[in-house]
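Enquirer: Next come a sequence and a model predicted from it.
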Amino acid sequence: MIIIEPQEGDNLEKMLRRYKRKFDRLGIAREVRNRMHYIPKSVIRREQIKRAAYRQRILQEMQE
């Protein structure tokens, strides 16, 4: 559970922004989305390799 302590001079909007930032940093929503469907480790690894190759290709094109 995420707890946001009110600080002096904080209004509700400021506290809500702090809560949203903390929620995003913890990655709770991302974790829930990832757990909705099982994806085998081999598929995850394959996607990571594809992304890395794409990044390398982009970097090489920029250097040329």
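Expert: Perfect, thanks for sending it.
Enquirer: next helix or strand past the helix or strand bottoming out on mean pLDDT in the chain?
Expert: Using mean pLDDT, DSSP states H and E, the weakest-scoring helix or strand in the chain turns out to be helix 28-35, at a mean of 88. Next helix or strand after helix 28-35 toward the C-terminus (DSSP states H and E): helix 41-63.
Enquirer: Between helix 28-35 and that next one, find me the angle.
Expert: 120 degrees (axes from the mean of the first three to the mean of the last three CA atoms, to 10 degrees).
Enquirer: So what touches the least confident helix or strand of the chain?
Expert: 2, 23 (CB atoms under 8 Å, 6 or more residues apart in numbering). Yep, even glycine has a C-beta here, placed from its N, CA and C like the rest.
Enquirer: tell me the centre residue of the protein?
Expert: residue 27 (5.4 Å; CA atoms, centre = their mean).
Enquirer: And that one, what's its pLDDT?
Expert: pLDDT for residue 27: 89.
Enquirer: Residue 10 in helix, strand or coil?
Expert: Three-state call for residue 10 (DSSP: H, G, I helix; E, B strand; the rest coil): coil.
Enquirer: Quick check on it: phi, psi?
Expert: Residue 10 adopts backbone torsions of phi -80, psi 130, taken as degrees, to the nearest 10.
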